[in-house]
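Enquirer: quick one, structure for this:
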Amino acid sequence: MENKVKKTIKLFGKMMEVGIVYVLEDAPADHLVNQEQETETASSSRAVMPPRRELELPQGARLITERRLEASDVAPTQSRFFLPISEEIDEVLTQSERVMLLEKFETVKVKVVDSIQRCYDMDFKKWPSVNDRLVLNHGWMQLVKDNHLQKGDVVELWSYRQDSRLCFAVKIRERSKRNISSSD
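Expert: As a prediction, the model looks like this:
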């Protein structure tokens, strides 16, 4: 559900106005709550979802990509999220970031926020063995682990700027059937 509501939030220690609000229907399995109020038997307990979480993005945030995660996106041995070099990415980069990433093959340090506002420091760089790909890594696997991401989940990657710094937000759009059944 999308709301175009002006709201002030604290992000990276700074107060900022946001305009895009997403209410998420799901949350990672580690946020499930056991309710055992009537009796102490296992049969009376049940798992319930917590209140909806909101992914709040600053005004001007741009959708970079939406895609279904592959095995390599969630494999601990890979520890990276590939992004094709696209018009969407090109439009959010400054000239100096373009030079760093695409010509000098240097790393841009970025902040990545997940659906429940946890913040991750990551590296954003051109992948050396693939010409048309950029990658988020060094922190990606912690986000995967914390959000119980699995092959088949659909995620959106949004870009925005905080104090002129390139930042991203990951929204879990859809859980794979395997992920849904494993969290029951």
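
Enquirer: for the chain, which spans come out with low pLDDT?
Expert: Residues of the chain meeting the criterion pLDDT under 70: 1-13, 16-54, 179-184.

Enquirer: show me where it has its strands.
Expert: With DSSP state E as the criterion, the chain has strands at 2-3, 7-11, 14-24, 33-35, 46-48, 53-58, 62-68, 80-84, 108-113, 119-126, 133-137, 154-162, 165-174.

Enquirer: dump the ones you listed into a markdown table; add mean neighbour count as well.
Expert: All C-beta atoms are positioned from the backbone trio N, CA, C, and that covers glycine. Shown next, in a markdown table, are the strands of the chain (neighbours: other CB atoms under 10 Å):
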| stretch | mean neighbour count |
| --- | --- |
| strand 2-3 | 10 |
| strand 7-11 | 13 |
| strand 14-24 | 15 |
| strand 33-35 | 9 |
| strand 46-48 | 10 |
| strand 53-58 | 20 |
| strand 62-68 | 15 |
| strand 80-84 | 20 |
| strand 108-113 | 19 |
| strand 119-126 | 18 |
| strand 133-137 | 19 |
| strand 154-162 | 19 |
| strand 165-174 | 19 |
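
Enquirer: rebuild those as TSV, extending it with distance to residue 101.
Expert: Converted to TSV, the strands of the chain look like this (distance: least, CB to CB, whole Å):
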stretch	distance to residue 101
strand 2-3	31
strand 7-11	24
strand 14-24	25
strand 33-35	42
strand 46-48	43
strand 53-58	22
strand 62-68	14
strand 80-84	11
strand 108-113	6
strand 119-126	5
strand 133-137	7
strand 154-162	13
strand 165-174	10
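
Enquirer: the ones you listed: which one's closest to residue 145?
Expert: Of all the strands of the chain, strand 119-126 sits nearest to residue 145, with 10.7 Å by CB to CB.

Enquirer: contacting residues around that closest one?
Expert: Residues from elsewhere that reach strand 119-126 (CB atoms under 8 Å, 6 or more residues apart in numbering): 12, 101-102, 105-114, 133-140, 142-143, 166, 168.

Enquirer: 6 Å instead?
Expert: Outside strand 119-126, the residues that touch it by CB atoms under 6 Å, 6 or more residues apart in numbering are 101, 105, 107-108, 110-113, 134, 136-139, 143.
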